[in-house]
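S.K.: give me the fold of what follows.
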Amino acid sequence: MQNERGIRQEIYPVLTKRDLLRSAALPAITATISKSGLVLAQTSTERSGAFKAKDIAEAGFIYGLPIVTYYGAMYEFAIDRSSGQFKAPFNQIHNEANVFTYKDTAVVRPNSDTPYSMLFMDLRTEPLVISVPAVDRNRYYSVQLCDGNTYNYGYIGSRTTGNEPGDYVVVGPDWQGTISPQIKKAFRSSTRLSVAVYRTQLFNLGDIENVKKIQAGYKVQTLSQFLKQLSPLAAPTIDFPKFDKELVKTHFFEYLDFALQFAPAQANEIEIRTGLALIGVGPNKTFNFKTLSGEDKAEIALGMKEGERKIDEAVVNNGKEINGWRVGGLAGGNGAFYKGDWLKRAAIAKAGIYANDPEEATYPFTRVDSDGELLDGSKHNYVLTFQKDALPPTNAFWSVTMYDGKTQLLIKNAINRYLINSPMLPELKKNEDGSLTLYIQNKSPGADKEGNWLPAPNGPIYLVMRLYWPSPGPPSILPPGKGLWKPPGVQRIS
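M.R.: Residues are numbered from 1 along each chain as shown. Okay, the predicted model is just below:
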């Protein structure tokens, strides 16, 4: 899930300039977009050149990518029971009593450190009360609250509320009421549909039963149930549009139009929402896309492509380069964190939806070795060495996870190992000087080194380091990219 940085779907248009200019492609793109009811009551002449379809589409694509990405993940996890990745319907917790493996393909860069629990919340009718059990003080856990704008609006867990039991309430953007004194804390989502992502630390495979007991203690109920009151009248049933990776290539703005009804406009969104309304997107739309000229429709397609290019560029350049690693580029946050920077929000969502705040988890990532050359398991073997007393500084734990450089998914391998993390330290072999070397290669480095082997794909490599609850004091990776602790570079050895 990343992700953490972890969870992301490839839902953005993959359209080349050639695709857009071919006569057979453009009519298909514009015809499918027109089905979304996007629109104009005025003619192109009446608009007097003030309407800039390409500019609006470009800005709208950048603004909307996180929202549509979020909808895609929600559809697969909580709506489409035949998706193969379905977890549970709204307002029910689904516990995974295992960690992600190569078989999990719904999201990219999945975290394989912690078993997940997920709760998709429909907050239209009334608030929900999330209850957590007592958790051993030495075990890290967190409940990340992330809304449809991809804003992290709160955390429950080791770092923020401690490991004591408690009841917490999550309210929607429209709710007004008094919080019961039985509730420890209230959290407000900026959208009417939201998600809670639970992460529970697993020390080793023999620890899974303990994790299951904790997961069984995660509870959710409506506020009226919690207070033993009559339930309010249920909100209308939602007719969710089918989502898949092919449909979104040509129906992007249709999905955005649908999703925005659950996301009341905030002050810093008025300008972008006004622009989107000009192409029939959002609650305040006043035009019909079908009346747009062929030129405007082509401009919209080109605007989407340009928006995608800018997002891809931002993903590559996000964060600060340190010894080949990009640090600070995968951090999420609340609305104040983004400050209306829609490109930053889009880059983070594309890199991995449900990205944690940097204080909760920081994710250095790399595709290159210390010399800047692309990592490739079919060509070279590599090592990653942490010097003595220079392991990643955390209050919880750290890990290094291997992904296929093409798909950003976990890879099938002979020893079923997808990462090396700090709970494994007692079994890892240290060098004579006290340093720790991890062997990153496609084939086994030999029986004497296999305990420290992180199997790599027979091709491009993508590595993500995760520091859960990074230590705030020196040396620290915080603030990301500026902290005193720096990840060592990946060294090519053959």
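
S.K.: pull the residues that contact stretch 180-193.
M.R.: When contacts are defined by C-beta atoms under 8 Å, 6 or more residues apart in numbering, stretch 180-193 is touched by residues 74, 90, 120-124, 129, 145, 147-149, 151, 153-154, 156, 161, 166-175, 179, 226-227, 262-264, 266, 335. Every C-beta, even on glycine, is put in place using the N, C-alpha and C of the backbone.

S.K.: do that again at 7 Å, thanks
M.R.: 74, 121-124, 145, 147-149, 151, 153-154, 161, 166-173, 179, 227, 262-263, 266, 335 (C-beta atoms under 7 Å, 6 or more residues apart in numbering).

S.K.: likewise for stretch 122-134?
M.R.: With C-beta under 7 Å, 6+ apart as the test, stretch 122-134 has contacts from 90-91, 121, 143, 156, 163-172, 175, 189, 192-194, 196, 214, 217-224, 226, 232, 234-235.

S.K.: any stretches of the stretch 1-150 of the chain with poor pLDDT?
M.R.: For the stretch 1-150 of the chain, the stretches with pLDDT under 70 are 1-51.

S.K.: so where do the strands sit in it?
M.R.: Shown for the stretch 1-150 of the chain, the strands assigned by DSSP state E, counting those that start in this stretch span residues 93-95, 116-122, 128-132, 141-147.

S.K.: who are the packing partners of the last one?
M.R.: Using 3 or more C-beta pairs under 7 Å, 6 or more residues apart in numbering; DSSP states H and E as the contact definition, the elements that strand 141-147 packs against are strand 152-157, strand 193-200.

S.K.: try 8 Å this time
M.R.: strand 128-132, strand 152-157, strand 193-200 (3 or more C-beta pairs under 8 Å, 6 or more residues apart in numbering; DSSP states H and E).

S.K.: out of those, which one sits most buried?
M.R.: Mean neighbour count (mean count of other C-beta atoms under 10 Å) peaks for strand 193-200 among the helices and strands packed on strand 141-147, with a mean of 25.

S.K.: partners of it, with directions?
M.R.: strand 116-122 (antiparallel), strand 141-147 (antiparallel) (DSSP bridges).

S.K.: could you redo these as JSON lines and give each row mean neighbour count and distance to Ala78?
M.R.: Listed next are those as JSON lines, based on neighbours: other C-beta atoms under 10 Å; distance: least, C-beta to C-beta, whole Å:
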{"stretch": "strand 116-122", "mean neighbour count": "23", "distance to Ala78": "4"}
{"stretch": "strand 141-147", "mean neighbour count": "24", "distance to Ala78": "13"}
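
S.K.: before we move on, the earlier item: buried ones among the contacts of stretch 180-193?
M.R.: Buried members of the contacts of stretch 180-193, counted by 16 or more other C-beta atoms under 10 Å: 74, 121-124, 145, 147-149, 151, 153-154, 161, 166-173, 262-263, 335.

S.K.: filter these down to the ones in helices?
M.R.: Counting by DSSP state H, the part of those found in helices is 74, 335.

S.K.: going along the chain, name the helices of the stretch 201-350 of the chain.
M.R.: For the stretch 201-350 of the chain, the helices defined by DSSP state H, counting those that start in this stretch cover 208-216, 223-227, 247-259, 270-277, 294-317, 335-338, 342-351.

S.K.: so which elements touch the longest one?
M.R.: Yep, that's helix 294-317 we're talking about. Short answer (3+ C-beta pairs under 8 Å, 6+ apart): helix 294-317 packs on helix 17-21, helix 25-34, helix 53-74, helix 342-351.

S.K.: same question for the second one.
M.R.: Counting by 3+ C-beta pairs under 8 Å, 6+ apart, the packing neighbours recorded for helix 223-227 are strand 128-132, strand 166-171.
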